[in-house]
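> Quick one, structure for this:
(4 chains)
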Protein chains: 2
Amino acid sequence: MGTKERRTREKEQLRRQILSAARELFVNEGYENVSMRKIANKIEYSPTTIYLYFRDKADLLDSVCKETLLDLLNTLGLLNRDKSDPVETLRKSGKAYVEFGLKYPQDYKLTFVVRPQFQQGLGLEEGSVGERVFNYLRAMVSECIRQKAFRRVDVDTAGQALWSAVHGVTLLLIDFSDFPWTEKEKLIDTVIHTMIEGLKA
Amino acid sequence: MGTKERRTREKEQLRRQILSAARELFVNEGYENVSMRKIANKIEYSPTTIYLYFRDKADLLDSVCKETLLDLLNTLGLLNRDKSDPVETLRKSGKAYVEFGLKYPQDYKLTFVVRPQFQQGLGLEEGSVGERVFNYLRAMVSECIRQKAFRRVDVDTAGQALWSAVHGVTLLLIDFSDFPWTEKEKLIDTVIHTMIEGLKA
DNA sequence: AATTTAACTTAACACTGTTAATTATACAGA
DNA sequence: TCTGTATAATTAACAGTGTTAAGTTAAATT
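Coordinates of the predicted model:
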């Protein structure tokens, strides 16, 4: 019959329409300055229609962030991982991570700052996209240790430490853009380089 | 006459009352879940009275955060700085910074996460408390380099890199408390230790 | 053509930050 | 002690918020 398929396709389409309107508004005006009515206006539907597709505003945020994480994962996955030089691969990945954050600062904040604020304890459950991002990092660190490029150190701890560093520099650069930072690229490179050197020693 | 002095004293007292009520509510319920009316109820005044003491809700947040920064600066200042071992002093300060953040997680987030969200570009202007916190860190790094414990590296860059690392680990631990972190202390120590080793190399 | 189902909208609730206008209070000088 | 004045605090109101329940329209099925 196919009409049912068409309907579900149309539903999916509207869902995506809502999602992209929400992302655009969240990014440009900030999550808390965006009302359901604003989103509804943008897609030319009544505000309550959104509730047929998303549980509430937080759920909307949640879905937007999930997309961002997939984007990030994809960006990292596109790097040509040189198995023979895992340290260099790690360095490049760290750099790509920060650059992703600075390229889409508001999306990064939505995912790693705003979302935890409105939905405590989540985003990184087992099987989630967030977990996959971290596993990606973990695998690289593991390879560095296996090839004895890094000193014998707990893989998880090292991975989490690296994540801390790149997350930290990304957020500081985004949040305090008026601070008299040294040259941005230099700071990013120093953070990554210093962490990697520290893991070698 | 002295009545004028008493009045200003009373005004100051109410100001502090508002401030401490606001902090308690912000910390326990989250900035955006606290209404001016809630704060007013707590201090048993009408909501609009608050506006005689603070410009708006963001200004209230601002004042709360300024206090937090002073607290942090004081905590760091209380460390006995051993001039003969600046690296150890730096390590202890980093540790104290993270511990401060984890001891008052909500206050930390209000200052370093929520506030930049609601008042873009600030908190670290010249002469501000935030700048003083960073200067404290800068001085320590400078001493490490002067005594040749660290390789010759730009002081500002190194300081900002260190700040990135401790800021990052603090926020990750606060925001993703359900993530399967390795032992918390171990992670914190690794972050700080790795950065310091990286600056020596 | 009638009926069921799905999609969407209208109306409403309790609440938000904030302003303007108003009232109460405490002080000063007579 | 009374009056005028400055200051402090309040009431009422506005335009907007997320969200729910009830109602309406349109499409698909029988």
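> could you say which helix or strand contains the residue nearest to the spatial centre of chain A?
By C-alpha atoms, centre = their mean, chain A has its centre lying nearest to A:L69, at 4.1 Å. Element membership for A:L69 (DSSP states H and E) is helix A:57-77.
> ok, now A:S164?
Taking DSSP H and E as the definition, A:S164 sits inside helix A:155-175.
> coming back round to it: return the set of buried residues in the helix holding A:L69.
Residues A:57, A:60-69, A:72-73, A:75-76 are the ones in helix A:57-77 that count as buried (16 or more other C-beta atoms under 10 Å in any protein chain shown). Glycine gets a C-beta too; all of them are placed from N, C-alpha and C.
> filter those down to the ones close to DNA strand C.
Of the entries in the buried residues of helix A:57-77, none also sits close to DNA strand C under the rule C-beta under 7 Å from any atom of the strand.
> of the residues you listed, closest to chain B?
Comparing the buried residues of helix A:57-77 against chain B with C-beta to the nearest C-beta places A:K57 closest, at 11.5 Å.
> For that closest one, which non-adjacent residue is spatially closest?
A:M36 (6.2 Å; C-beta to C-beta, 6 or more residues apart in numbering or on different chains).
> which residue sits closest to A:L25 in space, ignoring its chain neighbours?
Distances taken as C-beta to C-beta, 6+ apart place A:V34 nearest to A:L25, at 4.4 Å, with adjacent residues excluded.
> re the thing from before, what score does the residue nearest to A:K57 have for pLDDT?
Looking at A:M36, its pLDDT stands at 98.
> With A:E126 instead?
As predicted, A:E126 sits at a pLDDT of 68.
> got it, and A:C65?
You'll see A:C65 listed with a pLDDT of 95.
> Tell me how far it lies from A:V113.
Spatial separation of A:C65 from A:V113 under the definition C-beta to C-beta, to the nearest Å is 10 Å.
> how far does the helix ranked longest in chain A sit from the chain's center?
Taking residue count as the measure and DSSP state H as the definition, the longest helix of chain A comes out as helix A:3-29. On the basis of C-alpha atoms, centre = their mean, to the nearest Å, helix A:3-29 sits 21 Å off its chain's mean C-alpha point.
> That helix vs DNA strand C: in contact?
Yes. On the criterion C-beta under 7 Å from any atom of the strand, helix A:3-29 is in touch with DNA strand C at A:R7, A:K11, A:L14.
> With pLDDT as extra columns, can I get these in CSV?
What follows is these, written out as CSV (pLDDT from 0 to 100):
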residue, pLDDT
A:R7, 75
A:K11, 90
A:L14, 97
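> ok, which of these also contact DNA strand D?
Cross-checking these against DNA strand D (C-beta under 7 Å from any atom of the strand) gives A:R7 as the overlapping residues.
> which residues of chain A score low on pLDDT?
Low-confidence segments of chain A, defined by pLDDT under 70: A:1-2, A:120-124, A:126.
> which residues does the residue in it that DNA strand C sits nearest to contact?
For chain A, the nearest residue to DNA strand C under the criterion C-beta to the nearest atom of the strand is A:S46, separated by 3.2 Å. If you count contacts by C-beta atoms under 8 Å, 6 or more residues apart in numbering or on different chains, A:S46 has them with A:A40.
> Got phi/psi on it?
Its backbone dihedrals place A:S46 at phi -80, psi 150, with angles given as degrees, to the nearest 10.
> Would you mind listing what in chain A touches DNA strand D?
Going by C-beta under 7 Å from any atom of the strand, the residues of chain A near DNA strand D are A:1, A:3-4, A:6-7, A:34-38, A:47-48, A:51, A:56-58.
> Using the record, which stretches count as separate domains in chain A?
As assigned by automatic domain parsing, chain A contains the domains A:1-54, A:57-200.
> if I look at the residue of chain A closest to DNA strand C, how far off is A:N28?
Remark: distance between A:S46 and A:N28 (C-beta to C-beta) = 22 Å.
> Over to A:L52?
Taken as C-beta to C-beta, the spacing of A:L52 relative to A:N28 amounts to 25 Å.
> likewise A:E88?
A:E88 sits 37 Å away from A:N28 when distances are taken as C-beta to C-beta.
> Between those two, tell me which one has more neighbours.
When A:E88 is set against A:N28 and neighbours are counted by other C-beta atoms under 10 Å in any protein chain shown, the residue ahead is A:E88, at 14 against 10.
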